[in-house]
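> Show me the folded form of this:
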Amino acid sequence: MRHPFSLSLLLLLCIFPLSVFAMGGGISGRVLDQSGNAIQGAHVSLPALQRGGVTDERGQFFLAGLPDGTYELRVSHVGYRVLERMVTVVQGETQALRDLRLESVPVDVGEVSVFATRSDDLLRNLPLPVTVAVGEQLLRNPAISVADALDAQPGVALIRDGVWGTDVSIRGLGRSNVVNIVDGARIETASNLAAGLSLVDLSDVDRIEVIRGAASMLYGSGATGGVVNISTAPGSYSEHFRLGGALSSGYTSVNNGGSGTLTLDAGDEHWYARLHGRLRSADDAMTPEGTLRDSRFHDRSMAASVGSRVWEGHEITARYQLTQAEDVGIPGGASFPLTASARYPTEERELYTVAYSAPMLLPGVQNLSVRYVRQLIERDAEIVPNPSTVLRPSAEHTMDGVQALAGWMYGGTHRFVAGVDAWQRSYTGRRIRELKARNTIIADLPLPDATFRSAGVYVQDDMRLFDGATRATIGARADLIDVWNAQAYDLIYTEVNGVRNDAPPTRVLRWNEAEFNEVSWSAHAGLVQRLNSAIDMTLNLARSWRAPALEERYQYIELGGATYIGDPALRAEKGTCLDVGLRARTEHFSVTANVFLNEMRDLVVDAQRLDTLYVKENVGKARLYGFELASEYSILAGATAYAGLSYVRGEDIGSGGNLPSIAPATLRAGMRFSVFDALHGDVRLTVTADQEHVAAGETTTPGSGVLDLYLRGNTLRVAGLGVQLFAGVENLFDRTYRRHLSTLRGLINLEPGRNIFARLRILW
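Reported below is the predicted structural model:
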């Protein structure tokens with residue numbers, strides 16, 4: 001990544017000459033709550049055209065380049081009842097709608113648009129178990145990473161590799177079994193201590209959608225456990241020229257952390273441009289028993305996006321993201337010695353995306369979209385297992401992908417979606433081992449240079465049957481996987497007393513050049529059956545699969561305390577997932593329950609052969625099962641109680657033992673409240689049970705209980721500026737506890753203690 005801004009600048013400059021007059025009709029408006037406050041981030045769409053956008057900080061939106069006709073306009077946002085209105089589009093005219101007011105609802109009624117299923121639909125209409133986190137839910141949380149922000153979602157558990165480096169597990173499957181996507185790009189990097197989600201700027205995220213359960217039919221290899229689909233904040237068009245921005249700063253007491261963000265955006269009916277930046281710094285975090293060593297971090301990020309409507313709804317957009325981290329401590333890594341010091345001297349993620357979308361090209365054909373993504377992730381680590389040894393592994397991960405998607409409406413009851421998804425991940429890396437006592441440097445390979453290519457085609461049909469009382473979805477996908485590795489020796493060179501030898505006599509050929517090809521398929525069938533106006537039943541059956549990652553096939557990693565060896569002959573994981581759900585929603589009460597069973601074959605695990613030797617192998621048969629239960633009850637005006645319970649059990653059927661890395665049963669209960677409709681709060685208790693069902697090499701974890709408090713004020717207008725304050729306390733009673741899905745090591749390996757936080761946000 002030697003020229004991080006050159007290509008992005010070229011993309012941003014080249015798109016503006018395309019900004020010519022957008023023909024067709026338009027719709028403009030402003031979205032407010034019942035008190036007249038602007039709602040930022042509301043999604044405004046025309047489902048029949050699969051066209052839409054989001055409201056800006058003033059609550060305004062503008063849709064242009066629309067074909068003539070009468071359509072249903074849908075406005076949705078988490079915490080509000082969906083607004084649907086018929087609108088008529090006329091060539092060359094803009095229909096200005098009066099202020100659209102959304103009615104707040106005390107409980108979740110599933111009336112928010114969801115896109116992770118490859119089409120725009122309301123959450124209540126989806127058979128898949130999906131949760132959505134947007135806007136204010138992300139702002140009011142002092143989460144450091146995307147994984148932190150998802151920790152309270154049902155069926156999702158935080159994997160703690162550090163305070164900065166985190167990941168998620170969904171229904172007992174994590175890391176390689178969960179596909180993480182940001183703006184269409186898969187975050188493909190090492191599976192151990194990945195920290196991929198930590199390289200996404202949470203302050204720039206517009207929404208996060210989580211699919212719980214098998215979703216290989218939609219996203220291909222890897223989605224056996226679920227999908228985390230992240231969309232960063234887009235720019236927005238405006239009927240008239242608009243220039244605005246936002247500035248925020250925050251503080252967290254537990255690690256003396258500070259952050260600042262700046263956003264600038266502009267646009268009119270033909271184009272938009274948005275620029276966002278963030279700086280953060282934090283010291284080692286404090287626990288109730290002392291300092292969590294190597295938990296500091298420093299990072300910065302920037303993002304830019306532009307869009308242009310070139311003709312009658314045809315749109316070209318480009319995005320660029322850059323996140324850089326320096327001197328990030330790694331308190332995680334159970335394979336490191338307890339006394340080891342570990343850090344990332346540098347981490348970097350750079351993303352380029354260019355997309356084109358077109359309106360109806362043929363009768364019945366909805367939006368056609370084509371997108372190209374290129375992502376580069378660079379990871380350097382430094383591990384000091386003892387004073388005389390320093391390990392410096394480094395790697396570059398390059399991902400290129402192309403996606404094309406189109407939809408058709410036919411018969412008035414069928415929505416057909418078809419797409420092509422192709423991507424390639426390339427890996428190159430090395431490890432430097434410095435032996436100070438012997439004045440020796442050894443450069444070796446933890447993996448050979450390798451590539452992982454995937455090309456897939458998928459189709460899906462969403463059907464409305466029996467006057468809409470039944471919603472059915474069926475889909476299938478086929479993928480071709482090609483994996484290649486270069487011939488490589490274990491040693492690159494040695495250097496003794498300053499004399500370098502590029503052909504050490506002790507080196508051996510560790511990997512012969514090889515190529516593996518595999519064709520796989522996946523399928524999904526889902527059903528939503530409306531029993532009455534308040535109760536729905538859901539049923540999902542999916543066949544999923546995952547081709548082993550490059551690290552699992554080839555790794556030969558010595559981290560000072562343990563050795564991890566891969567196996568090129570690993571078989572692909574295959575799963576059959578059954579999910580049955582019940583949804584009941586009224587004006588003041590809601591409950592959602594899901595029971596799932598996931599039968600897996602050839603699950604890839606680290607098998608412990610010796611005390612410090614782990615070898616990748618396929619588990620013959622594995623079973624994961626459990627449930628998620630979430631409910632909300634409006635006690636009185638301005639106060640809503642909620643509770644959620646998640647449980648998962650993982651069994652190795654072949655050995656009769658337990659699967660590793662299974663989160664314990666977790667109960668979350670709390671209350672959202674408002675004080676004079678000016679101050680809004682959320683007090684939440686999280687209780688985890690003892691986890692005694694552990695695999696070989698794991699330790700049991702005692703249960704815990706933690707209380708958190710989150711507060712936010714309304715946006716106040718001062719001298720033409722919008723001012724909003726967020727504050728709260730995490731781990732209010734400074735409880736001592738350890739997270740089961742944690743690799744924290746050392747004498748102190750506890751979760752952070754009491755954290756008082758505050759964030760001030762200014763809009764203009």
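> so where is the protein shaky, pLDDT-wise?
Where the chain drops to pLDDT under 70, the residues are 1-23, 190-194, 334-335, 360-365, 559-561.
> in the sheet, who's paired with the residue nearest the centre of it?
For the chain, the residue nearest the mean C-alpha position is residue 228 (3.7 Å; C-alpha atoms, centre = their mean). In this structure, residue 228 bridges to residue 180, residue 210 when assessed by DSSP bridges.
> do residue 426 as well
residue 398, residue 451.
> go on, residue 457?
In this structure, residue 457 bridges to residue 420, residue 478 when assessed by DSSP bridges.
> again with residue 95
Residues found in beta-bridge contact with residue 95 (criterion: DSSP bridges) are residue 27.
> Pretty sure it sits against residue 63.
No: using C-beta atoms under 8 Å as the test, residue 95 is too far from residue 63 to be in contact (9.7 Å). In short, each C-beta sits where N, CA and C put it, glycine included.
> OK, contacts around the closest residue to residue 477 other than its chain neighbours?
Leaving aside its chain neighbours, residue 477 sits nearest to residue 458 (3.8 Å; criterion: C-beta to C-beta, 6 or more residues apart in numbering). By C-beta atoms under 8 Å, 6 or more residues apart in numbering, the contact list for residue 458 reads 217-218, 418-419, 421, 475-478.
> Run a quick neighbour tally on residue 72.
For residue 72, the neighbour count with other C-beta atoms under 10 Å is 12.
> if I look at residue 95 and residue 63, which residues touch both of them?
Each of 26-28 lies in contact with both residue 95 and residue 63 under the rule C-beta under 8 Å, 6+ apart.
> Looking at residue 95 and residue 63, which has the bigger crowd around it?
When neighbours are counted by other C-beta under 10 Å, residue 95 and residue 63 differ, and residue 63 comes out ahead with 28 against 16.
> Just the element for the more buried one, please.
With secondary structure defined by DSSP states H and E, residue 63 is part of strand 60-66.
> neighbouring contacts of that strand?
Outside strand 60-66, the residues within contact range by C-beta under 8 Å, 6+ apart are 22-31, 38, 42, 44, 46, 49, 51-55, 89, 94, 236-239, 242, 269, 309, 311-315, 359.
> List the buried residues for the helix or strand just after that strand?
On the C-terminal side of strand 60-66, the nearest following helix or strand under DSSP H and E is strand 69-76. By neighbour count, and taking 16 or more other C-beta atoms under 10 Å as the criterion, the buried residues in strand 69-76 are 71, 73-76.
> could I get these as JSON lines with distance to residue 346?
Converted to JSON lines, the buried residues of strand 69-76 look like this (distance: C-beta to C-beta, whole Å):
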{"residue": "71", "distance to residue 346": "50"}
{"residue": "73", "distance to residue 346": "47"}
{"residue": "74", "distance to residue 346": "44"}
{"residue": "75", "distance to residue 346": "44"}
{"residue": "76", "distance to residue 346": "41"}
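> all helices of the chain, in order?
For the chain, the helices identified by DSSP state H occupy 6-15, 135-139, 146-149, 216-219, 550-554, in order along the chain.
> was I right about the residue nearest to the centre of the chain contacting residue 146?
Yes: Residue 228 is within contact range of residue 146, at 7.1 Å (criterion: C-beta under 8 Å).
> count of residues packed around residue 152?
21.
> Kindly report the same for the one 4 residues further on.
The burial metric for residue 156, expressed as a neighbour count using other C-beta under 10 Å, is 24.
> My guess is residue 27 contacts residue 90. True?
No: because the distance of 10.4 Å does not satisfy C-beta under 8 Å, residue 27 is recorded as not touching residue 90.
> Just want to know which of those two has more residues nearby.
For residue 27 against residue 90, the residue with the higher neighbour count under other C-beta under 10 Å is residue 27, and the figures read 23 against 13.
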